[in-house]
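Engineer: Got a predicted structure plus its sequence, pasted below:
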Amino acid sequence: MSELFREAFRTYSAQQARRTLDELGEYAAGRNPKGYTEADVPRLIKEVRAGKPRRRVRSNG
């Protein structure tokens, strides 16, 4: 019986994950309908890095 519940939960969990991924995919497609190209990558990296503070590297000595 517990194996049946375990399998039902796995199935439910997989369906929920698929639904979430589908919703995220639709959201992403709406934000960038033309898609990204390889030429966009450097610009996107700069944008992300500009929004984050730099981490300081500590030296031991």
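Structural biologist: That came in fine, so what should we check first?

Engineer: contacts and neighbour counts: CA atoms only from here.
Structural biologist: Noted.

Engineer: next SSE after the helix ranked longest in the chain?
Structural biologist: Criterion DSSP state H: the longest helix present in the chain is helix 2-31. Remark: after helix 2-31, the chain's next helix or strand is helix 41-51, criterion DSSP states H and E.

Engineer: roughly how far out does that next one sit from the chain middle?
Structural biologist: 16 Å (Cα atoms, centre = their mean, to the nearest Å).

Engineer: Only alpha carbons, please: show it as PDB.
Structural biologist: C-alpha atoms of helix 41-51 as PDB (Å, rounded to 0.1, in the frame of the first residue of the first chain):
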ATOM      1  CA  VAL A  41      25.400  36.700 -24.100                       C
ATOM      2  CA  PRO A  42      28.200  39.300 -23.400                       C
ATOM      3  CA  ARG A  43      25.500  42.000 -22.900                       C
ATOM      4  CA  LEU A  44      23.400  39.800 -20.600                       C
ATOM      5  CA  ILE A  45      26.500  38.900 -18.500                       C
ATOM      6  CA  LYS A  46      27.300  42.600 -18.200                       C
ATOM      7  CA  GLU A  47      23.800  43.400 -17.100                       C
ATOM      8  CA  VAL A  48      23.700  40.700 -14.500                       C
ATOM      9  CA  ARG A  49      27.100  41.600 -13.100                       C
ATOM     10  CA  ALA A  50      26.200  45.300 -13.000                       C
ATOM     11  CA  GLY A  51      23.300  44.500 -10.700                       C
END
